[in-house]
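> next input, structure requested:
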Amino acid sequence: MQECLGQPPPYDCWQKCAEQGQPPEVCEQLCAPKPPDDCEGQFQQCLEQGIDPAECEAQLQQCWEPPPPPDDCKWQFEACLQQGGDPAECEGQLQECLNQQPPPPPNDCDLELEVCLQQGGEPEECKAQWQLCVGPPNPPAPDQCFDLHKACLEEGQEPALCDQKLADCLGQP
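Numbers count the residues shown, from 1 in each chain. From the prediction side, this is the model:
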């Protein structure tokens, strides 16, 4: 009747399995009803809807192995190795993936500098605003400051000058 209505007959898993010469236990495994959230169950539903078996097979593969997140190069590398890929080839794919990673987004201060320059601001003025935005550079570790102070004194410079250099190094007024 479905043929009369212009619809293809429903896919009969058991018949197709038997036509392929599979033993009954294999057909049982392939064609037995499965829960709808099961990958094979979804595959059977796909076939029963008359969708091209190659398309259903592709959906089945996707269900079993979900695609990696687009930015997870390590996952792609490990999947390549697990699928028996040549380690050198997988390494090449890893490097290619890593090279495609987008650069980190610019920080707010960098954006302000860019906007300042685009709006015709003087480069020195924009740079000064940028410097205020990012703040003073991180001072060296205190040990380095004390080492510089000690070296200053050993060079015979005025103690007051060495003390000032130490204060500057530590970021103190």
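
> residue 95 sits in which helix or strand?
helix 87-99 (DSSP states H and E).

> so for that helix, what gets flagged as buried?
For helix 87-99, a neighbour-count test (16 or more other Cβ atoms under 10 Å) marks 90, 93-94, 97 as buried. In short, each C-beta sits where N, CA and C put it, glycine included.

> so what does that helix touch, helix or strand wise?
Under the contact criterion of 3 or more Cβ pairs under 8 Å, 6 or more residues apart in numbering; DSSP states H and E, helix 87-99 touches helix 73-82.

> what's the offset of the helix it packs on from the middle of its chain?
12 Å (Cα atoms, centre = their mean, to the nearest Å).

> quick check: angle from it to helix 87-99?
Going by axes from the mean of the first three to the mean of the last three Cα atoms, to 10 degrees, helix 73-82 is angled at 160 degrees with respect to helix 87-99.

> which stretches of this structure form helices?
13-19, 24-31, 39-48, 53-64, 73-82, 87-99, 108-118, 123-134, 142-154, 159-169 (DSSP state H).

> want to try CSV for those helices, with mean pLDDT as columns?
Below are the helices of the chain laid out as CSV (pLDDT from 0 to 100):
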stretch, mean pLDDT
helix 13-19, 75
helix 24-31, 73
helix 39-48, 84
helix 53-64, 81
helix 73-82, 79
helix 87-99, 83
helix 108-118, 83
helix 123-134, 84
helix 142-154, 82
helix 159-169, 85
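
> so which of those helices is the most surrounded?
helix 39-48 (a mean of 18; mean count of other Cβ atoms under 10 Å).

> now do that one against helix 24-31, angle only.
Using the same axes, to 10 degrees: helix 39-48 against helix 24-31 is 90 degrees.
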